Structures are given as structure tokens and as C-alpha cells.
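S.K.: here you go, sequence then predicted model.
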Amino acid sequence: MKHIQGAYLKGYVTVLVKGNMPELFFQKCNGKGIAVWNVKKMAADACEGNIKLKDIKYMKALRRKTNYKLKFLHKKGSPFVLSNLLRNKQLVTGFLLSMMLIIFLSNIIWEVKITGVPKDIEEKISKQLNEYGIHSGSWIFSLDSPSDIQQKLVYDIPELLWVGVDQKGTTYNLEGVEKTIVKKEKVKGPQNLVATKKGVIKKMYVIKGLPMVQINDYVEPGDILVSGVIDESLKSDNKDTAQDDKHLDYVAAEGDITATTWYEVAVTVPMHTNKETLTGNREKKYDIRIGKVRLPVWGFGTPEYAAIHRETDENPIRFIKWELPIRIVSTTLSEKMYNKEERTKREAIIAGMEQAKQELQLELGPDAVILSEKVLHETSEHGKVKLNLYMSVEENIIQSQPIESSTKEHKNQGD
């Protein structure tokens, strides 16, 4: 019967009705929408039946209009079972302690696996992880996020090209890739070395090819610095024979050539700056977040800092292998200060020159050397200093240029 389905989950009771023709009372209950089942005639003036827990109040209200008496005999269903269990304090305490223990053990690292790297690098990774506090028995909430651990490992271990950090339950899986030295492929075809920028040649080291310039020569972009076309006839002692037997050899020119180059850089520097610094004073707070609700656990209140820098980290609570919708939120409150500094014009110029050098160095790369800088023009307006700088740099200006086969054939035919 559909009206009594799920009665055990919601709970039901057996009620005894006493009075003249008690079965009529149950008929009235059915007429009011109160489901009654298993009706039994116990005596001439007594009858019992089962009703749902939620219908008790409606049955009592109906009885007040009659002369029948009600007596509730048995209570059955999950609500009453749960109520009986909750009355057993020892059982409830044991259950709660067991759950807390399982949750505690589910949020501790039990194993750290490292794969994909040689044994020596594996030992380095393991040692570095111990310094980070990542080892068997570590409390997961106290650790950095996997992405932060990954960045630290790649920075601290130069032999690593890449490392992936994945947390699965109570296990940390790390898969690394070792750096490999890739040998530069030899140039298959002949080539010249040409200038990429205008400058004055300062250093030359030619490995292969015919030098076309000398130190202190001025070159323009596209000028051939080292030619890959060598006249073999120049090696002969007999010049007449050499002219007759002239032969061109094509090689891949190689070498290192540095030159002094020049750049004009514009930079704007404010006369006053605001620097944000951390004083070192800090406090930690811990909250439990369930959905959008946060419940403070440790660190109540807010420290009396003039300015606060906040860093928040969230870690989920796990139950065995499942991630619960509950998170431990740790917040670090650090005291910060703003320092206003007024610069003189000379200090602003020095700061601007340093800024320009850093920007140019970043653009040219670490191999370039900035030799000197000179202020071409400076203006001051609206609390700012604008500078135009002339900077000389020593850098590698060579670029390989393949010698086309058509050019070789043309030269051979001309010869």
C-alpha cells in the first residue's frame, strides 16, 4: 500500500483505542486522511492499529471530539532507533572518537613516491622535501600547495627540468624529468656570419670561415663578418697556377664576434615613492569553512596593526579517500608599513639610470654587457623626472646566413 511505504524510515506507532465500537474511530481517521494499517480487534471495546509518527497530533485532535481513549503501545522505525542509540553515551562517545581518529589519519601523509628520475636526483628530491616538511607523518594542512612545492623543487634542484606534484589522499606522487644536454646540431649547409646591428668590432674569434672585418671596424646590419666562401687557390705558392686553377670552397662559418653598440632609452621617474614593507610581526588564524559559512577555530579577533597583509591557504578535510565539503582555512596576518620617500633630483636621475639599465639588460639578455650610460636630455614636471639616455653596450651581433645553392652555382659558372 502506497500510503504506508517508507513508514519505517519516518517512524510509526501502535495505538490502542478503547470505547464503544472502537473500529469506528479508525474509520473516522481514514476519513480525515490518517493512514491506519494492521487493525486488530483486541476486545469488544478495544482495538489497535498502526499509524505514522507524523499523524499522532492529528489523531489526538480527532479524539478530543469523541469519548474514545488512546494508548500508545509500541514505537518502531529509524527515528526511535536513533533516539535509543543517542541515549547510550558510551556508544556515542566511541563513535565520535572513531570518526575523529579516521579523519585525523586521513589527513596525514603516509607515503611519498618519487618516479621518473635517477637514484641520485631522487635522493636530492627526498632531502629537499624533508626540508619543506613533507615526509611520512606530516600534517597535510601545514604543507604548501602542490603547485608551490613544484616551483620550489625546480628552483632548488637545478638538475630538474620539470616535476609534477600530485596529492592522492594520503599519498604524495612526484614525477620528475631530468634536464638533458642537447648538443647543438651541426649546420648541414654552408653559411656566412653577418651583423645584426650597427657597431664597432671589439672582439673576434673565428673558428671556421674567412674573416671579412677587423677589430675597430664599423659595421652595418647585413654586413658579412665571416664568409663561408674560401678561395682555395690562395693557398698555392704559384700565383699564376693559382689563377688558372682557381677553386671556391664553401663551409659553414663559425665564430664569436662582439661589438660595441648604442641605444637611446627614455625613462620617467617619480620624485616621491611609496614603499610597502613587512615589519615581521604576524599572527595566524584558523577557520573551518563549510560552504560559505566560516567558523573560527583559533586566533579570534584582529591584531591592532595599522595596515595588514593577508595570506590565505585552504586545505580540504579528507575521510579515508573521499574529500569532505569541509575545509581548514589558515590566514596569516602580517603587519605592513608604507614608507613615503622624497627624492632629490639627483637621486631621481640615479634611480632612472638604474631602471633603464635593468630594462635594457632584460631586453638584451644576460650575455650583453652595458659599458656606459650618459644623460642626453632631462626635464622635470608634475613631480616626475624624464630622462633620455644614451647607452653603449658590448654584445654578440652575429647571425648565420645560409649561402644559397643558386649563388654557388652562379659563382662556379663565372669562375
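M.R.: Received the coordinates, thanks. Nothing here was measured: the structure is a model prediction, and the numbers come from that model.

S.K.: give me the below-cutoff pLDDT ranges for the stretch 201-350 of the chain.
M.R.: Scanning the stretch 201-350 of the chain for pLDDT under 70 picks out the ranges 232-247.

S.K.: could I get the full set of helices for it?
M.R.: 239-244, 345-364 (DSSP state H, counting those that start in this stretch).

S.K.: reformat those as JSON lines; add mean neighbour count and distance to residue 79.
M.R.: Backbone N, C-alpha and C define where each C-beta goes, glycine included. What follows is the helices of the stretch 201-350 of the chain, written out as JSON lines (neighbours: other C-beta atoms under 10 Å; distance: least, C-beta to C-beta, whole Å):
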{"stretch": "helix 239-244", "mean neighbour count": "11", "distance to residue 79": "113"}
{"stretch": "helix 345-364", "mean neighbour count": "15", "distance to residue 79": "71"}
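
S.K.: let me have those in CSV, adding distance to residue 297 as columns.
M.R.: Output for these, formatted as CSV (distance: least, C-beta to C-beta, whole Å):
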stretch, distance to residue 297
helix 239-244, 92
helix 345-364, 45
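
S.K.: give me the nearest residue to residue 150, chain neighbours excluded.
M.R.: In this structure, residue 150 finds its nearest non-sequential neighbour in residue 165, 4.7 Å apart by C-beta to C-beta, 6 or more residues apart in numbering.

S.K.: for the one you found, list the residues it contacts.
M.R.: By C-beta atoms under 8 Å, 6 or more residues apart in numbering, the contact list for residue 165 reads 146-147, 149-150, 153, 172-174.

S.K.: extract the C-alpha set from the strand or helix carrying it and format it as CSV.
M.R.: Assigned by DSSP states H and E, residue 165 belongs to strand 160-168. Only the C-alpha atoms of strand 160-168 are listed here, as CSV (Å, rounded to 0.1, in the frame of the first residue of the first chain):
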residue,chain,number,x,y,z
LEU,A,160,65.3,19.0,-12.7
LEU,A,161,63.7,20.2,-15.9
TRP,A,162,60.2,19.6,-14.6
VAL,A,163,58.4,17.9,-11.7
GLY,A,164,54.8,17.2,-11.2
VAL,A,165,53.3,17.0,-7.7
ASP,A,166,50.0,15.2,-7.2
GLN,A,167,48.3,14.5,-3.9
LYS,A,168,46.0,11.5,-3.9
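
S.K.: quick revisit: can you flag which of the contacts of residue 165 belong to strands?
M.R.: Residues of the contacts of residue 165 located in strands (DSSP state E): 172-174.

S.K.: among these, the buried ones, what's the PyMOL command?
M.R.: For the buried members of the ones in strands among the contacts of residue 165, the matching PyMOL selection, counting by 16 or more other C-beta atoms under 10 Å, is:
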select buried, resi 172+174
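
S.K.: residue 195: which of the ones in strands among the contacts of residue 165 is nearest?
M.R.: Using C-beta to C-beta, residue 174 comes nearest to residue 195 of the ones in strands among the contacts of residue 165, at 47.5 Å.

S.K.: run through the bridge partners of the closest one.
M.R.: Going by DSSP bridges, residue 174 is paired in beta bridges with residue 114, residue 165.

S.K.: next up, the contacts around it.
M.R.: 112-115, 125, 129, 153, 163-166.

S.K.: what's the burial count for residue 330?
M.R.: The local packing of residue 330 (other C-beta atoms under 10 Å) involves 18 other residues.

S.K.: which residues does it contact?
M.R.: If a contact means C-beta under 8 Å, 6+ apart, then residue 330 has 141, 284-286, 312-315 as its contacts.

S.K.: can you add neighbour count and distance to residue 92 and give those back as JSON lines?
M.R.: Shown next, in JSON lines, are the contacts of residue 330 (neighbours: other C-beta atoms under 10 Å; distance: C-beta to C-beta, whole Å):
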{"residue": "141", "neighbour count": "17", "distance to residue 92": "27"}
{"residue": "284", "neighbour count": "11", "distance to residue 92": "33"}
{"residue": "285", "neighbour count": "19", "distance to residue 92": "31"}
{"residue": "286", "neighbour count": "13", "distance to residue 92": "26"}
{"residue": "312", "neighbour count": "10", "distance to residue 92": "35"}
{"residue": "313", "neighbour count": "16", "distance to residue 92": "34"}
{"residue": "314", "neighbour count": "13", "distance to residue 92": "31"}
{"residue": "315", "neighbour count": "17", "distance to residue 92": "28"}
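
S.K.: which ones among those map onto strands?
M.R.: 284-286, 312-315.

S.K.: using JSON lines, lay out those together with distance to residue 266.
M.R.: Formatted as JSON lines, the ones in strands among the contacts of residue 330 follow (distance: C-beta to C-beta, whole Å):
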{"residue": "284", "distance to residue 266": "46"}
{"residue": "285", "distance to residue 266": "47"}
{"residue": "286", "distance to residue 266": "50"}
{"residue": "312", "distance to residue 266": "40"}
{"residue": "313", "distance to residue 266": "42"}
{"residue": "314", "distance to residue 266": "45"}
{"residue": "315", "distance to residue 266": "48"}
